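Trainee: predicted structure and sequence below. I'll ask about it afterward.
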Amino acid sequence: MSNQTLRQSEIDSLQYIASMSNELVQMAEASRFPMISYLLGMAYAEAFDVLRGARPARHAQLSGNPMQPKLNARESHAQPRRA
């Protein structure tokens with residue numbers, strides 16, 4: 001997916017994310033937090049790759065918040081349990 005399929009607001013967001021994650025990498029390295037530095041570096045690389053069109057901007061299975069699993073149809077209409 002090329003950069004042209006992204007809206008300007010998405011491009012702006014990715015540029016901001018890349019910039020801030022790069023600064024945070026430098027802070028983590030200076031504070032000697034190698035794992036945090038590595039993870040932030042991966043975030044920087046991912047944002048930069050999307051901006052230059054080397055990676056797709058969106059993945060169907062990862063859309064939304066990856067920390068919040070999607071509910072299946074049965075769970076989305078779940079009623080509270082009764083004792």
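Mentor: Arrived safely. Numbers count the residues shown, from 1 in each chain.
Trainee: all helices for the chain, in order.
Mentor: In the chain, the segments counted as helices under DSSP state H are 8-30, 34-51, 73-76.
Trainee: deepest-packed of these, please.
Mentor: Most buried of the helices of the chain, by mean neighbour count (mean count of other Cβ atoms under 10 Å): helix 34-51, with a mean of 16. All C-beta spots, glycine's among them, are computed from the backbone N, C-alpha and C.
Trainee: now that helix - C-alpha only, PDB.
Mentor: Extracted in PDB, the C-alpha atoms of helix 34-51 (Å, rounded to 0.1, in the frame of the first residue of the first chain):
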ATOM      1  CA  PRO A  34      17.800  -1.700  25.900                       C
ATOM      2  CA  MET A  35      14.500  -3.600  25.600                       C
ATOM      3  CA  ILE A  36      12.500  -0.400  25.600                       C
ATOM      4  CA  SER A  37      14.900   1.100  23.200                       C
ATOM      5  CA  TYR A  38      14.500  -1.900  20.900                       C
ATOM      6  CA  LEU A  39      10.700  -1.900  21.000                       C
ATOM      7  CA  LEU A  40      10.600   1.900  20.300                       C
ATOM      8  CA  GLY A  41      13.000   1.400  17.500                       C
ATOM      9  CA  MET A  42      10.700  -1.200  15.900                       C
ATOM     10  CA  ALA A  43       7.800   1.300  16.200                       C
ATOM     11  CA  TYR A  44       9.900   3.900  14.500                       C
ATOM     12  CA  ALA A  45      10.900   1.500  11.700                       C
ATOM     13  CA  GLU A  46       7.300   0.400  11.200                       C
ATOM     14  CA  ALA A  47       6.000   4.000  10.900                       C
ATOM     15  CA  PHE A  48       8.800   4.900   8.600                       C
ATOM     16  CA  ASP A  49       8.200   1.800   6.400                       C
ATOM     17  CA  VAL A  50       4.500   2.700   6.100                       C
ATOM     18  CA  LEU A  51       5.300   6.200   5.200                       C
END
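Trainee: any idea of the mean pLDDT for that helix?
Mentor: Helix 34-51 comes out with an average pLDDT of 95.
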